[in-house]
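J.: model this:
(chains A and B)
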Number of protein chains: 2
Amino acid sequence: MSAQSRAAGPSPYVRAADYVAAALIFLRDNVLLAEALRPEHVKPRLLGHWGSCPGITLVHAALNALVRERGADVLLVTGPGHGAPAIHANLWLEGTHERHDPALARTGAGLRELARRYCAPDGFPSHLSPAVPGTLHEGGELGYALATAVGAALDAPDRVVACVVGDGEAETGPTAAAWHSTKFLDPVTCGAVLPVLHLNGYKISSPTLFATMTDEELTALFRGHGWDPRIVDETGPAPGAALTTAVLDAHTTLRELQRRARAGDLPVRPAWPMIVLRTLKGAGAPAEVEGTPIEGTFHSHQVPLPDAREDPEQLKALESWLRSYRPEELFDEEGRPAPEVLAALPEPDGLIGAQPAANGGRLRRPLPLPPLAPYALALPDGPGSATAGPTRVLGDWLTELTEATAERRDFRIVSPDELASNKLDAVLEATGRAYVWPVEEYAEDLDRGGRVMETLSEHNCQGWLQGYLLSGRHGLFPTYEAFASIVDSMANQYAKWLKMSREVPWRAPVSSLTYLLTSEGWRQEHNGYSHQGPGFISNLLDRNSTVTGVYLPPDANTLLVTMERLLDETGKINAVVAGKHDAAQWLDLDAARAHCRAGASSWTWAGTAGDGPAEAVLACAGGIPTVESLAAADLLRRDLPDARIRFVNIVDLCALAPPDRHPHGMSPERFHDLFGEDTPVVLDFHGYPSAVHQLLHGRPRPDRFHVRGYVEEGTTTTPYDLLALNGTTRHDLARTLLRHLDRPSGRTRRLADRYAHHRDELRRELRRTGEDPAEITAWRWPG
Amino acid sequence: MSAQSRAAGPSPYVRAADYVAAALIFLRDNVLLAEALRPEHVKPRLLGHWGSCPGITLVHAALNALVRERGADVLLVTGPGHGAPAIHANLWLEGTHERHDPALARTGAGLRELARRYCAPDGFPSHLSPAVPGTLHEGGELGYALATAVGAALDAPDRVVACVVGDGEAETGPTAAAWHSTKFLDPVTCGAVLPVLHLNGYKISSPTLFATMTDEELTALFRGHGWDPRIVDETGPAPGAALTTAVLDAHTTLRELQRRARAGDLPVRPAWPMIVLRTLKGAGAPAEVEGTPIEGTFHSHQVPLPDAREDPEQLKALESWLRSYRPEELFDEEGRPAPEVLAALPEPDGLIGAQPAANGGRLRRPLPLPPLAPYALALPDGPGSATAGPTRVLGDWLTELTEATAERRDFRIVSPDELASNKLDAVLEATGRAYVWPVEEYAEDLDRGGRVMETLSEHNCQGWLQGYLLSGRHGLFPTYEAFASIVDSMANQYAKWLKMSREVPWRAPVSSLTYLLTSEGWRQEHNGYSHQGPGFISNLLDRNSTVTGVYLPPDANTLLVTMERLLDETGKINAVVAGKHDAAQWLDLDAARAHCRAGASSWTWAGTAGDGPAEAVLACAGGIPTVESLAAADLLRRDLPDARIRFVNIVDLCALAPPDRHPHGMSPERFHDLFGEDTPVVLDFHGYPSAVHQLLHGRPRPDRFHVRGYVEEGTTTTPYDLLALNGTTRHDLARTLLRHLDRPSGRTRRLADRYAHHRDELRRELRRTGEDPAEITAWRWPG
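T.: All right, here's what the predicted structure looks like:
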């Protein structure tokens, strides 16, 4: 940047980008101001947030300098996605838009087309989105940019992930927690994150909290988090140079830190540089219009001149604002950016919009999944003849997978719980828990370069994993079932990202995000009511059906088969529910494969209907419901041997939905084979019964399905009592089935009463002893 | 505390509390060790987290000293709820348990009974819960203690809310954001919060992140947040005295700060004291058992001697651990605490467990709700003849309510958005936005003592409001509909709290927590896909039906009536969906009252069936669906005048559920009157159709309900196009109804085709112009 341009205000590049961003918001024609601005040149709907655009462009320009001067490998994550006009402006100037679509050429016609598409039906949305090249974060719901940026830097030692964090976003809890991420970022095996906290002072009409903090407070806060903060004031008349210098300095510091660490001189508490950037809100907009101050105030947060099309004074103000950038110096007569503007750009390969990690599906290599057979349980004496803890068996297989990816470093496990408590701790034989800060004695299995990331923040786990997957890698998210709802909203937003990604032809699909919901609510009888909540499944079912899956493997082998499938899959969000406690095993590996392939199938060995017609179906989905339903089947087989009952287990929950509502939905024929047309069905479900009711809508006579599940009754009690509180004991299930058999008789009524009576007896007994009766705990499938 | 007791280890009170806490976890008999410990004295199931108990007792003991020496009005919020044994121990020692239930007397028999109830069916859960006196926070799901504590301190100028934040909890995003709360806590009108960050070093098997931070880092971090941190090390052999001194010092500082502020000498950036307390994890437990180190390591996190009943060596270790407290010095032969122990307690009125705010329903005074009539809209020319923005009308009424509570100071509005953007800004005429830090020019309506709290953190808003309501006050939570899911999990936990509270006889119900879901997804066509998500409603519907309500007032008057009801109600969580844009108004105040009382009713003026039987029902729930459904009714009335169509509007969504599933469920007779038995129903719903499907389960022939709603299709486009993407335009609704009429004819088929064709034409037109066609925007109910 020449001394002259500094003296004259922002650089030509910054002026050009600011001009284009403003043009995208306001104009649909005459985009280069070849003639005087008329109302019909202005769009009828003005959308976008001008307030953060100038600051985003300053960051973009500084990163261009970083790539140009240092050849750095830069990915940009933009938290304030509503600053999309600035990103589009920069992508258009650097030719990224043109490379994806010649209609968006760097000419006046191309700019006009870009302006036409911005916020138009079928065009680019008002926020960032998967349709925007160089982007892996939408920034619509605020809070997740920083953790996502950290995820993209993991195991990419040469990458610098710059992350713009808006001062609105900085108020959120997820962002507040994400500042601790440095404690997990290994300078040897991982890249760097360069956060730019963008303080432009205001939200829609209030000051932001961070903008009211002093430099001393900001410095203390970020030092306390372990960063090396640098405050840059760009509120003056020629913004750009100070930020560029700060970015280059920060890069020098972070590379030196990495160089030393990689040479074996590991810093004790690596203080990564971060930048606090103060800018004038909506810089460049008119200082004042019709008596209202605009530039530097909250009035420039969204569209500063909202009535530019109708109000001649605003139209005049808009024209003089746009002309203040002197577009005639920035673009030639064809609308091509002037050489002075283009001189600010790096070589084509280094352009921010060309960063391959922003389209991570292209970089993704399928995982080297180990064979399942060595880990699968044999059932030589049939169903129920072996006992195992499903997550422990999975843990052994994951250990081999973790070893197999030791060189590639593209598989991580994130968790807010501890693998040890989820019985997945075998994995810690293959890798450590990532942690960089020094720890006291007694800490176990910690390792700077470890690929297990444990922290008591679901938000960080989710953000990290999203960034890791979106940049082309793989991972797994084991988490406490009840607390998965903490990231309901992040999962919702990520589902939107995935769904929109499918519609972008140049985007390659990324690895599916798979939650392993452990510490199931049914085994939280000891941790109490707060730990009982299967709602995450229900939330996921409301997402677009093309991007979601819910799996309830009933035993260890079905869990292995499910995980083998999901870790090889792309483009989805999956929830898998699995137990960690020792439990009976039902299917050998071949049967498990067949069962998982089908999604749901009849376990003829457990029913009494053989392959023939059934008078009732006992169905179940989930590990605990499978045990209770089998115990119910056992009762009925003994007490009512002539009843023709079909036993159905459901592993892929969405198979229940009609095929036009979910791609996993089983065909009407297959549904008929399992559930008949008007056969009564008692279905014991792991989660809320409403989740099943909503899936069954559109199936024949859904009201014959009597779904039992968690109905929000709980406390600290025994396992059987927790089932009883929710009406899901074996005795309740058997009773419900008897009530709906099409043969009311004294015999079935007496039997139903006996079951109810016995359940009450058992509950009295467990109240006396404080433990479940042996009859319950010692029950085994008789084979 | 005497020099002698310091020299000898913890004070008798602390020793007694630690002893009792350990006894509660382990023993079911011989609770005072009157004889040698035998296996049958040990409970069969050992539950509770010993690790945090000793630290919690230190805090309790220090607060006792604060009350004793200063007469302070102290409320304790305990983040680590799994440290419940410590709380029970302190409540038992101070006689709070005894006061609520003589069976829990301060005798050996009372202690035995408390031990028996702890974690037993029908007893006290393993976490804190509403059943525990002096408690307003369960601390099961971690992250919310600090914001809840702040909420309880608002507008209670003499209250000191001490808050134990565990070092696990401190890793969460919600807690990280809550440290900024001081910027909202007015030293004049509000009380103080005294956080105690309890660093005991470990989670289940990993170190906590905060425990690895240096004193310098911790000090910088909290100073940066604006606090005045004091680090207290209680890892030595006689813990207690240093913390007590620190608590008393902190109290001196905070009272002085309040005194000065209340005398008019307002501190610029009030630095409230907070304490970082380092303790030895599980202090007091055996140093080592069978070669494993226990005290001070993660092995003491939960139950340190898990096999004490079966393993003689562990039993021996347990006995010698318990005897190390010298219970014979602490309790007399009857098990009554010794005078030395009791001497540490404050007077009965000041006991921590006696704090009235912890049972805030008792303190609650109903709000002085202003009459609605002056605010209600008149409709002299019938339905549709007036136009208003519902939230703006509500805002005017809330302004009077805010004025009416200016002296009482027991009504607040919290919001992560800005009232201005939600058109509720009239309220800012009656009060300001609470903010304590100095702000730049151009900031509007800020006021230290303001009762509107805006911050871009849904978590803080929810935590603050919970604390405020639970301590006996009132409030409202207007929030962006799509982002309400950010607090799904907090709402879930709060619903559990409310449901359990109903079962505690001495707990008085607190004001309902009401969300006003604004910026509805259907009017987020400009902000794009990320801003479109009505899932919060669905999440709420899965909560226990006794504590939930969902309301969709279709216009301003119904919104007023709904709010009047909910702001007077107790014990529930309600979601109210309301638009902020100008829209036609349908019901005058009397009609609105009748409609809201019914929950759902037939709008005969809009249908063609009069009071007679209908061949189809056009039903709707929500403001936008009401407009589209009326427009559909208008089309059909014109094009198929002989069709007998009933028009039904639903304002209380849960009225759809069968009465045995939700207390709002309308009777079968009323349901029949509105929807018949097998009449086809087209129901246009504001949210996900699955939410309605789940409510309808159990109603006659639910498959005849053709529910339309948001099906997760969206982007930045025009309002009509967003409806079209989800199949919910007036044309789609009319078409759907025609398809299900029981009279297939060329005429209805041609009409349906015409509607579809016209919809497609309109979509082509809006793509040309970028705006919705005037036919759509100018439509008015013809009356």
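
J.: is it true that A:Lys580 lies in a helix?
T.: No. According to DSSP: H, G, I helix; E, B strand; the rest coil, the state of A:Lys580 is coil, so it is not within a helix.

J.: And for it, the neighbour number?
T.: For A:Lys580, the count of nearby residues is 22 (other C-beta atoms under 10 Å in any protein chain shown). Just so you know, the C-beta spots here come from the backbone N, C-alpha and C atoms, and that holds for glycine as well.

J.: Ok, A:Asp760 next?
T.: If you count neighbours by other C-beta under 10 Å, A:Asp760 ends up with 12.

J.: Tell me the pLDDT of it.
T.: A:Asp760 is assigned 98 on the pLDDT scale.

J.: Got phi/psi on the nearest residue to A:His526 once chain neighbours are set aside?
T.: Leaving aside its sequence neighbours, A:His526 sits nearest to B:Leu47 (C-beta to C-beta, 6 or more residues apart in numbering or on different chains; 5.0 Å). When read as degrees, to the nearest 10, the backbone of B:Leu47 gives phi -130, psi 150.

J.: Also A:Leu277?
T.: phi -110, psi 110.

J.: wouldn't it be in contact with A:Val232 here?
T.: Yes. Using C-beta atoms under 8 Å, A:Leu277 is in contact with A:Val232, at 5.1 Å.

J.: Pick out whichever of these two has more residues nearby.
T.: Under the criterion of other C-beta under 10 Å, the comparison of A:Leu277 against A:Val232 puts A:Leu277 first, with 28 against 22.

J.: the strands in the stretch 451-600 of chain A, which residues?
T.: With DSSP state E, counting those that start in this stretch as the criterion, the stretch 451-600 of chain A has strands at A:452-454, A:474-480, A:513-518, A:548-551, A:573-577, A:583-585, A:600-602.

J.: I'd like the ones you listed as TSV, with mean pLDDT appended.
T.: Supplementary listing: the strands of the stretch 451-600 of chain A in TSV, determined by pLDDT from 0 to 100:
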stretch	mean pLDDT
strand A:452-454	97
strand A:474-480	97
strand A:513-518	97
strand A:548-551	98
strand A:573-577	98
strand A:583-585	96
strand A:600-602	98
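
J.: Turn those strands into a markdown table, columns for distance to chain B and mean neighbour count.
T.: A markdown table is the format used below for these (distance: least, C-beta to the nearest C-beta, whole Å; neighbours: other C-beta atoms under 10 Å in any protein chain shown):
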| stretch | distance to chain B | mean neighbour count |
| --- | --- | --- |
| strand A:452-454 | 6 | 26 |
| strand A:474-480 | 9 | 26 |
| strand A:513-518 | 13 | 26 |
| strand A:548-551 | 10 | 26 |
| strand A:573-577 | 13 | 25 |
| strand A:583-585 | 18 | 21 |
| strand A:600-602 | 20 | 22 |
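
J.: what's the closest of these to B:Ala616?
T.: Nearest to B:Ala616, of all those, is strand A:548-551, at 32.9 Å by C-beta to C-beta.

J.: For A:Ser300, give me its contacts.
T.: Residues touching A:Ser300, when contacts are defined by C-beta atoms under 8 Å, 6 or more residues apart in numbering or on different chains, comprise A:Trp50, A:Gly51, A:Lys281, A:Gly282, A:Ala285, A:Ile294.

J.: Please, which helix or strand holds A:Gly151?
T.: Assessed by DSSP states H and E, A:Gly151 sits inside helix A:145-153.
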